[in-house]
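K.L.:
sequence and predicted structure below; questions after.
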Amino acid sequence: MSDFVIIPDTSCDLIRPLRERFGIDDYISGLVYFPDGHCEKSDLDWDKYDPKWFYESMSDKKSLYKTALAPTGDIIEIFERNLKAGKDILCITLSSALSGTYQTCEMVKNKLSEQYPERKIICIDSMRYSTALSILVIEAAIKRSEGFTLEQTAQHIEQNKHRVHQMGAMDDLFFLCKTGRISNFKAFFGTLVGINPMADFNRQGLAQVIGKQKGKKAAFDATIKYMHKTVINPGEQIMFVAHSNRLAAAEMLRDMIIKEFSPREVIINDVGMSCGASIGPGLCAAFYQGEEISENMEKETAIMQEIIANQK
């Protein structure tokens, strides 16, 4: 195994058993501001808070959480601890479209590279977040276990980050409205009549709505059809189904994916605090690797619109 560490941030949603399984020994903890105003490090492992409690605490639409990137000093401490141990570093952060974590890590890299010229640090802007970042971190760990060098692993992730897709259902649009992604009226109206926006990642590092479905069944049927059109080598993949307090729906979607694609593994996970604070309750989506996302999402939008038209 190549002698470098892989360091994600807490938006990766990789809980302790998965980090141990894939040899992820360190991570950067973002901050979460609670509704009462106090601040804590994001609880990646849900040691202190239960995810069901966390998402149900938002149900009144008044108890809102905010997030902030990790203090620069914390990043320096994490990097320096590994450099002193003789380890090179591959740091993979959430999308720079949502956070300044990548830029801060680059700044820390430049500072520490002068102090530790014999060591190597590579930082990657994943252009993804939440469980999509999980897939990239695991992919990096697999390549490392196969003997890829730091540079080879980084190049592989850079070349493949726009191949990580998401698709699923979001049945509570209030928090999308709060983050400016949908108008207040549409958020209320959509939730009222059961509209689920169908979104995938664009090349700017954000989730982009490319269609909508009414009802969970129609949304999941569309998800499976969309996956058929975009997935590559599903039988070789570790796929994820991520949810924010929608476990029953996640189990349903997982079973549909197993039946249709027979992947190597499908892991159900909770959306972590770092991303869940903005996403809110109601998400249930599949995450997988497939065709590279097109410019302006023209191809993906056309696929989804065809699926929707054929369902009517």
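P.N.:
Noted; the coordinates are in hand. Numbers count the residues shown, from 1 in each chain.

K.L.:
where do the helices of this protein begin and end?
P.N.:
With DSSP state H as the criterion, the chain has helices at 16-22, 51-56, 72-84, 101-115, 131-145, 150-160, 174-178, 184-193, 216-230, 247-261, 273-279, 298-311.

K.L.:
domains in the chain, as residue ranges please.
P.N.:
4-161, 162-311 (automatic domain parsing).

K.L.:
related to what we said a few turns ago, can you put the helices of the chain in JSON lines and add mean pLDDT?
P.N.:
JSON lines is the format used below for the helices of the chain (pLDDT from 0 to 100):
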{"stretch": "helix 16-22", "mean pLDDT": "98"}
{"stretch": "helix 51-56", "mean pLDDT": "96"}
{"stretch": "helix 72-84", "mean pLDDT": "97"}
{"stretch": "helix 101-115", "mean pLDDT": "97"}
{"stretch": "helix 131-145", "mean pLDDT": "97"}
{"stretch": "helix 150-160", "mean pLDDT": "98"}
{"stretch": "helix 174-178", "mean pLDDT": "73"}
{"stretch": "helix 184-193", "mean pLDDT": "58"}
{"stretch": "helix 216-230", "mean pLDDT": "97"}
{"stretch": "helix 247-261", "mean pLDDT": "98"}
{"stretch": "helix 273-279", "mean pLDDT": "92"}
{"stretch": "helix 298-311", "mean pLDDT": "94"}
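
K.L.:
looking at those, which is closest to residue 168?
P.N.:
Closest to residue 168 of the helices of the chain is helix 216-230 (C-beta to C-beta; 5.5 Å). Bear in mind the C-beta positions are built from the backbone N, C-alpha and C, glycine included.

K.L.:
what's the angle from that closest one to helix 247-261?
P.N.:
In terms of direction (axes from the mean of the first three to the mean of the last three C-alpha atoms, to 10 degrees), helix 216-230 departs from helix 247-261 by 40 degrees.

K.L.:
how about helix 216-230: buried residues?
P.N.:
Residues of helix 216-230 classed as buried by neighbour count (16 or more other C-beta atoms under 10 Å): 216, 218-220, 222-227, 230.

K.L.:
likewise for stretch 86-97?
P.N.:
87-97.

K.L.:
take the residues you listed and keep only those in strands.
P.N.:
Using DSSP state E, 88-93 are the members of the buried residues of stretch 86-97 that sit in strands.

K.L.:
and which of these is nearest to residue 275?
P.N.:
residue 93 (12.8 Å).

K.L.:
who does that closest one form a beta bridge with?
P.N.:
residue 125 (DSSP bridges).

K.L.:
residues touching it, list them.
P.N.:
For residue 93, the contact set (C-beta atoms under 8 Å, 6 or more residues apart in numbering) comprises 8-9, 11, 28, 99, 101-102, 105, 123-126.

K.L.:
6 Å instead, please
P.N.:
9, 101-102, 105 (C-beta atoms under 6 Å, 6 or more residues apart in numbering).

K.L.:
over to residue 76?
P.N.:
Residue 76 neighbours (C-beta under 6 Å, 6+ apart): residue 108.

K.L.:
same question, residue 97
P.N.:
204-206 are the contacts of residue 97 under C-beta under 6 Å, 6+ apart.

K.L.:
return the subset of those residues lying in strands.
P.N.:
Per DSSP E, those never map to strands.

K.L.:
looking at the residues you listed, which is nearest residue 174?
P.N.:
Closest to residue 174, out of all of the contacts of residue 97 and judged by C-beta to C-beta, is residue 206, at 18.6 Å.

K.L.:
what sits closest to that closest one if chain neighbours are left out?
P.N.:
residue 97 (5.1 Å; C-beta to C-beta, 6 or more residues apart in numbering).

K.L.:
what distance do you get for the one you found to residue 305?
P.N.:
To residue 305, residue 97 is 24 Å away according to C-beta to C-beta, to the nearest Å.

K.L.:
ditto for residue 221
P.N.:
For residue 221, the distance to residue 305 - C-beta to C-beta - is 15 Å.

K.L.:
counting neighbours, what do you get for residue 152?
P.N.:
By other C-beta atoms under 10 Å, the residues close to residue 152 number 14.

K.L.:
still on that earlier bit, and the furthest pair within the ones in strands among the buried residues of stretch 86-97?
P.N.:
Applying C-beta to C-beta across these, the maximum distance is between 88 and 93, 16.8 Å.

K.L.:
hmm, back to that, nearest to residue 268, of the buried residues of stretch 86-97?
P.N.:
Distances from residue 268 to those, taken by C-beta to C-beta, are shortest for residue 94, at 20.8 Å.

K.L.:
Provide a list of residues in contact with that closest one.
P.N.:
9, 11, 129, 133.
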